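Engineer: compute the structure for the input listed below.
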Amino acid sequence: MENLYCLRCNQELEAGHKSVAVYMFAQTVGIRPRQKSASQRICFCPQCCVSLAMGPPPEGALNIAAWQMIRDLVGSDPALNQAAWETLRGVVGLLPATGTEGSDRPARAGYFEF
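Structural biologist: Below is the predicted model of the structure:
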């Protein structure tokens, strides 16, 4: 099985991990015999999906079509947003859960520490 990577951030997407796949193929219409291209699979990690969906539309008809499909997925159910948040919390390891106080590190000299 080949390794899959997020098209946007190049993060490796292991089998069974949460991601979004966009499949593309081309097919002739009104031309006999009908021809169909091989299918291409384009993958995105949850964080990139949410980021793409909330950003401005890309340029190009195919990019806009994929962007609209991703926006529909992100907007239709909170599960994709939740997956992105869970991954972000796991990577950073510092973000508190919603409704908690988080770390008790005081800001120094009037500035926030990030």
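Engineer: correct me if wrong: residue 47 contacts residue 9.
Structural biologist: Yes - when contacts are counted by CB atoms under 8 Å, residue 47 is listed as touching residue 9 (7.4 Å). (Each C-beta comes from the backbone N, C-alpha and C, glycine too.)
Engineer: the more surrounded of the two?
Structural biologist: The neighbour comparison of residue 47 against residue 9 (other CB atoms under 10 Å) goes to residue 47, with 20 against 11.
Engineer: quick check: which element contains that one?
Structural biologist: helix 46-54 (DSSP states H and E).
Engineer: elements contacting the helix or strand hosting residue 90?
Structural biologist: Per DSSP H and E: residue 90 is located in helix 79-92. Under the contact definition 3 or more CB pairs under 8 Å, 6 or more residues apart in numbering; DSSP states H and E, helix 79-92 sits against helix 46-54, helix 61-76.
Engineer: and stretch 56-74, how far out from the chain middle?
Structural biologist: Relative to its chain's centre, stretch 56-74 lies at 12 Å (CA atoms, centre = their mean, to the nearest Å).
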